[in-house]
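[1] Predicted model and sequence follow; I will ask about them next.
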Amino acid sequence: MCLSTEAAKFDAVAFKGDFKTNVARIAALGYDGVEIAVRDPKRLDHEAVLKTVVDNGLTIPAIGTGQAWGEEGLSYTDPDPKIREQAVLRTIDHISLARKADALIIIGLLRGVVREGVSRQLAEQWMVEALGHVTAEAAKSGVRLALEPINRYETTLINQVAEGLELIETVKADNLGLLLDTFHMNIEEPSIEESIGACGERIFHFHVADSNRWHPGAGHLDFRSILRSLLDTGYTGFVSGEHRPDPAAEIAAQRGIDHLRALKL
């Protein structure tokens, strides 16, 4: 289950606020791990975070970086070179916590968008350069990064799985893979199952939200078929709930895990 280590604008993370309380609530609901959304890892007590998670019998499979974009406007493709540099440095700052937690680092909207006055070619060049730098730094600590294809209404860069796979080939880093998200795939992919199959071992992490971005079971997605396709790739990682807190955070989290665990795969 996703949770933020602090208050944030992004509404598709159900749990925000007091970290210790939320970790305990998520553990009590039967989850195995918490995917933490972190704005600035330098503002976080790493040891306290890890202790809280371990004390509740959980692990941290992944660390989200999107708040650097949502709260501060940092991105790899900003026209201002200082902002691009800050985005790269912020990503590198996550490596220490990721190594300690044995977690991967998610690259979502931190990659940015194609800004007005910037050509797509130049924006893509900046993105590739940034990813090359951060993957090289992360590799020194054995840390992996997962780039998330995100729907066209939120970014103009890497909307579809095929584009993500092409980007991986361009960057040429073994520690760069994809995070697939069922909400975004429902918008962008002709077939969610076929796109999952095309990724194979390049799937590093997996997000679930239903077609309306509510919890699994609240929309029209066939999660039995989707998760069968995921397992057929050999994937053994986490399936992480990143969805709206509707009708309330705990209710959504409970209904989501109940729906998924009831599936006969």
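    Alright, I've got the coordinates.
[2] what about this structure, any weak spots by pLDDT?
    12 (pLDDT under 70).
[3] Which stretches in it count as strands?
    2-4, 35-37, 62-64, 104-107, 145-147, 176-181, 203-208, 239-241 (DSSP state E).
[4] what does the third one rub up against?
    The one in question is strand 62-64. 2, 13, 35-38, 41, 94, 97-98, 101, 103-106, 108, 146, 179, 205, 238, 240 (Cβ atoms under 8 Å, 6 or more residues apart in numbering). For the C-beta atoms, the positions are set from N, CA and C on the backbone; glycine is no exception.
[5] Direction included, what does that strand pair against?
    strand 35-37 (parallel), strand 104-107 (parallel) (DSSP bridges).
[6] Let me have those in CSV, extended by mean neighbour count and distance to His220.
    Below are the strands paired with strand 62-64 laid out as CSV (neighbours: other Cβ atoms under 10 Å; distance: least, Cβ to Cβ, whole Å):
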stretch, mean neighbour count, distance to His220
strand 35-37, 25, 24
strand 104-107, 26, 26
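[7] Ala173: which of those strands is closest?
    Nearest to Ala173 among the strands paired with strand 62-64 is strand 104-107; the distance by Cβ to Cβ comes to 11.7 Å.
[8] Residues contacting that closest one, please?
    Strand 104-107 is contacted by residues 35, 61-66, 91, 94-95, 98, 131, 134, 138, 143-148, 179, 204-205 when judged by Cβ under 8 Å, 6+ apart.
[9] Distance to Glu166 for the strands of the chain - can I get that in JSON lines?
    Output for the strands of the chain, formatted as JSON lines (distance: least, Cβ to Cβ, whole Å):
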{"stretch": "strand 2-4", "distance to Glu166": "27"}
{"stretch": "strand 35-37", "distance to Glu166": "26"}
{"stretch": "strand 62-64", "distance to Glu166": "23"}
{"stretch": "strand 104-107", "distance to Glu166": "15"}
{"stretch": "strand 145-147", "distance to Glu166": "11"}
{"stretch": "strand 176-181", "distance to Glu166": "11"}
{"stretch": "strand 203-208", "distance to Glu166": "16"}
{"stretch": "strand 239-241", "distance to Glu166": "25"}
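[10] Figure out which of those strands is closest to Leu29.
    strand 239-241 (10.1 Å).
[11] Check which helices and strands the closest one sits against.
    Counting contacts by 3 or more Cβ pairs under 8 Å, 6 or more residues apart in numbering; DSSP states H and E, strand 239-241 packs against strand 203-208, helix 249-261.
[12] ok, now with 6 Å
    strand 203-208 (3 or more Cβ pairs under 6 Å, 6 or more residues apart in numbering; DSSP states H and E).
[13] The strand it packs on: partners in the sheet, and parallel or antiparallel?
    strand 176-181 (parallel), strand 239-241 (parallel).
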